[in-house]
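A.B. asks: Sequence plus predicted model, see below.
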Amino acid sequence: MHLKSLVKFATAAVMGTMLSTTAMAGPDDDSLIIAWGSTGPIEHVDNYVNTNRTGIWFSRMVWDQLIYREPKTFEYKPLLAESWEQLSDTVWQFNLREGVKFHNGEPFDADDVVYTLNWISNPDNGVKVQRNVNWIKEARKVSQYTVDLEMKRPFPQAFEFLSGPITIYPNEYYSEVGPDGMHKQPIGTGPMKVVSIKTAEEYVFERNPDYNWGSPKGEAQVSRMVVREIADVQTQIAELLAGGIDITADISADHVDQIGGVPGLTALQAGTMRTGYIGFDAANRSGHEPVNNLKVRQAMAHAIDRESLVKNLIRGDAGVIHTPCFPTQFGCDVNAAVKYDFDPDKAKALLAEAGYPDGFDIEFYTFRPADWAEAIMGDLAKVGIRATLTKMPYFALRDKQRNEGTTPMFLMDWGSYSMNDMSAITSHFFKKGPDDFALDDEVAAWLETGDTSSDAAVRKENYAKAIAKITGELYWLPMFNHVRNYGYNEQLNFIPYQDEIPRFWQYGWKS
Amino acid sequence: MLVYTLKRSFVAFLILIVVSGLTFSLSHLSADPALTIGGEQASDEDIEAIRKFYGFDRPIYEQYFSWLGRALQGDFGESYHYKQPVVDMISGRIGTTMTLGVLAILFALIVSIPLGTVAAMRPNSLIDRFALLIAVFGQALPTFWFALMMIIVFGVWWRMLPISGNTTWAHFVMPTIALGYYATPALMRLTRAGMIEVLESDYIRTARAKGLSPTSILFKHALRNAIIPVVALAAVWFGFMLGGSIVIETIFNLKGIGWLSYDALLRSDLPVVQAIVLIFASFYVVLTLLADLLNAYLDPRISVR
């Protein structure tokens, strides 16, 4: 008997009775077991108390929005609202779908929509992400299936919110149980019903049998779904290898090849709208003289080989980005951007022109993998720029940037809250808020016009001007879009989306 | 003895106050808590509102004394993220950590005492060398690596044991071994040293001369005396295991206090971090105090010094 077999036999004899009752994943029982949690568990299941991305994933399974944003084309389609009409610059009227029921049997109608919109827009109710709701003035019931929504000002991004973070709650249930009750037993109209919740550990769902009214989200493809919150990525991978889970969305690029080589499993690096960039302290809050010089920033842009970085380190569906926004986002005009090719000789010439023929020293900050930053530093070193890397946790770095302003150069990224409108990224960083390191009045004014005009052409024109100046002045060097790495059972029909929101209910087993 | 007890208790109290102060100030200095509570999506207005709501705009000493006053009454506040009382969160998870800690220390004792005893009975023999090998491995292997190796072998290759979670007792097998193995070397070496000393003492020689059976000499006379310092050390190790189970709980996805502290640190959930550090420090300080008092009771010269 071989040693391995002997040890196996002996261990089996001792531990034979210990076999776990844990369910095994796989297509056999029409269920799906998912692992997530590397960024921490969902703090509160109520969609309006949560800030975690996995909480967003959860919410899409349980609740519906008025409008559906098709995740591949970003086209708006009817969901709980069958149709809509703009009555004025600040008022939209929605005609609601009839015959929809919440998971507890409560029928869906205008009362639920009016209640939800008015409840979340009241600051006293403490919705955690106020920017999602603070543009709403009031919702009014017109008839049992018609609602008017009044905004505080013209708000062209409204549909991004109404098809994203704003989910409709059952008025009778929520007014009785509140956020804590919704946390314990979530009730929505969505494709999955919640069976049980063990906070920060496990969520069990079953197919909503009443979700057969032609929702564009589609009916659930499996009858049962279990989400396990597992913080450690290595443990998630071990569970995937052992058949304890079917899919994880938390793995790193290094794991993709390993998992892809395991029989029965596959791994995918799917592009997302999360946009990476190198930010420069162009407004000179850090007191670092060289980055305040446009020629130096141009030299850095020409010194960095973004194509090589994407090809060798980011990989998957990632690509070089030239805009301070993601190209699918409204207003993100790629043609308006000034583009910088990889040209080390030009970089050296620009440095000499700027008065730094021998280069200079600079501190470089990031919270992302050190190898990404080191590749950039290697390129910069070739033209004489000696960068010193400081890697910090995300929130500590943002704190340092915002409150101290002592970060002359930093590699960061932004997911735009999965919104397909450039106001979600460019306006956040260039309208003179604490994350604005350019403090350019002109750019801020263009963005403000773009953010508030209800005329699409005016929006596009102003956004294009902002893109041209941000890239021309190199306040940012846009780098690449990130990928999200998935590992899963190869029998699963998995579809990734750019908005980083897996629609788990859509994933069934191959026959 | 009374004076010694009071002195040691006062020192223990001072340690806890210093620990609480350090934890409070360091966790507040690591990052703006309002930023972490708000998350990536929070606007400036959200962050300012959070800062005011939680009182982060007040001087840090004011925040500390306010927190300490409530903590002394058993109120550790509410988690910033989970919106639940910290006491409830900890009490809901302490069972998992205690179970793991007790099982791990039992495992360590069950392995170390027999091995240490046998090694002492045959010094420099093959079995003694084997025991030394186990001790060296136990101290040299990083816990996380040992845990991952067990996962690969027993969870992935042979699929004999569940990898993560805490729903059945089988879920505790690998975490217990991984955590307990780390304590085994120290306990085993102490058992061995104690047994060698005892076995060479006059009263054991007398017992042998009187014709008592080797089993009786070993268990009734030698081990009972040699094991006393081992029990004291095990008490301290138990405290260490409760506090040191962060890595093991995270790897095996056991949702105990160790995992909770890891999660709270990631999110800067300060009330949870502060409460856990204070509770673990209290465990450790109390167990060390008890071990000191036990030693002083067994050897009165200690309290005189």
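C.D. replies: Okay, I see it.
A.B. asks: Which residue is the nearest non-sequential neighbour of residue B:231?
C.D. replies: In this structure, residue B:231 finds its nearest non-sequential neighbour in residue B:294, 7.9 Å apart by CB to CB, 6 or more residues apart in numbering or on different chains. For the C-beta atoms, the positions are set from N, CA and C on the backbone; glycine is no exception.
A.B. asks: what about that neighbour, neighbour count?
C.D. replies: If you count neighbours by other CB atoms under 10 Å in any protein chain shown, residue B:294 ends up with 15.
A.B. asks: With residue A:123 instead?
C.D. replies: Look at residue A:123: counted by other CB under 10 Å, it has 12 neighbours.
A.B. asks: so what's it up against?
C.D. replies: Residue A:123 is in contact with A:130, A:134, counting by CB atoms under 8 Å, 6 or more residues apart in numbering or on different chains.
A.B. asks: elements contacting the helix or strand hosting residue A:396?
C.D. replies: In this assignment (DSSP states H and E), residue A:396 forms part of helix A:394-399. Packed against helix A:394-399 by the contact rule (3 or more CB pairs under 8 Å, 6 or more residues apart in numbering or on different chains; DSSP states H and E) you find helix B:33-38.
A.B. asks: ok, residues contacting the helix it packs on?
C.D. replies: Defining contact as CB under 8 Å, 6+ apart, one finds that helix B:33-38 is touched by A:51, A:128, A:395, A:398-399, A:402, B:42, B:46-48, B:50-51, B:54, B:56, B:80-81, B:267-268, B:270.
A.B. asks: buried stuff in that helix?
C.D. replies: B:33-38 (16 or more other CB atoms under 10 Å in any protein chain shown).
A.B. asks: JSON lines for those residues, including pLDDT?
C.D. replies: Compiled in JSON lines, these are given as follows (pLDDT from 0 to 100):
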{"residue": "B:33", "pLDDT": "76"}
{"residue": "B:34", "pLDDT": "80"}
{"residue": "B:35", "pLDDT": "76"}
{"residue": "B:36", "pLDDT": "72"}
{"residue": "B:37", "pLDDT": "74"}
{"residue": "B:38", "pLDDT": "73"}
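A.B. asks: Please give me every residue in contact with the closest residue to chain A within the stretch 201-305 of chain B.
C.D. replies: Relative to chain A, the nearest point of the stretch 201-305 of chain B is residue B:253 (4.8 Å; CB to the nearest CB). When contacts are counted by CB under 8 Å, 6+ apart, residue B:253 is found next to A:228-232, A:235, B:163-166, B:259.
A.B. asks: can you rerun that using 7 Å?
C.D. replies: A:230-232, A:235, B:164-165 (CB atoms under 7 Å, 6 or more residues apart in numbering or on different chains).
A.B. asks: okay, the residues you listed in TSV with distance to residue B:65, pLDDT and secondary structure next?
C.D. replies: What follows is the contacts of residue B:253, written out as TSV (distance: CB to CB, whole Å; pLDDT from 0 to 100; DSSP: H, G, I helix; E, B strand; the rest coil):
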residue	distance to residue B:65	pLDDT	secondary structure
A:230	39	93	coil
A:231	33	89	coil
A:232	37	89	coil
A:235	40	93	helix
B:164	41	93	coil
B:165	41	90	coil
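A.B. asks: Of those residues, which is the nearest to residue A:244?
C.D. replies: Among those, residue B:164 lies closest to residue A:244 (CB to CB), at 7.3 Å.
A.B. asks: Just the C-alphas of stretch A:141-153, formatted as CSV.
C.D. replies: C-alpha atoms of stretch A:141-153 as CSV (Å, rounded to 0.1, in the frame of the first residue of the first chain):
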residue,chain,number,x,y,z
LYS,A,141,-50.0,59.2,-5.9
VAL,A,142,-52.1,60.0,-9.0
SER,A,143,-54.1,56.8,-9.2
GLN,A,144,-53.6,53.2,-7.9
TYR,A,145,-51.0,52.6,-10.6
THR,A,146,-49.7,56.1,-11.5
VAL,A,147,-47.2,58.1,-9.6
ASP,A,148,-45.6,61.5,-10.0
LEU,A,149,-42.0,62.0,-8.9
GLU,A,150,-40.9,65.5,-8.3
MET,A,151,-37.2,66.3,-8.2
LYS,A,152,-35.6,69.2,-6.3
ARG,A,153,-34.0,70.5,-9.5
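A.B. asks: Kind regards, and thank you for your time.
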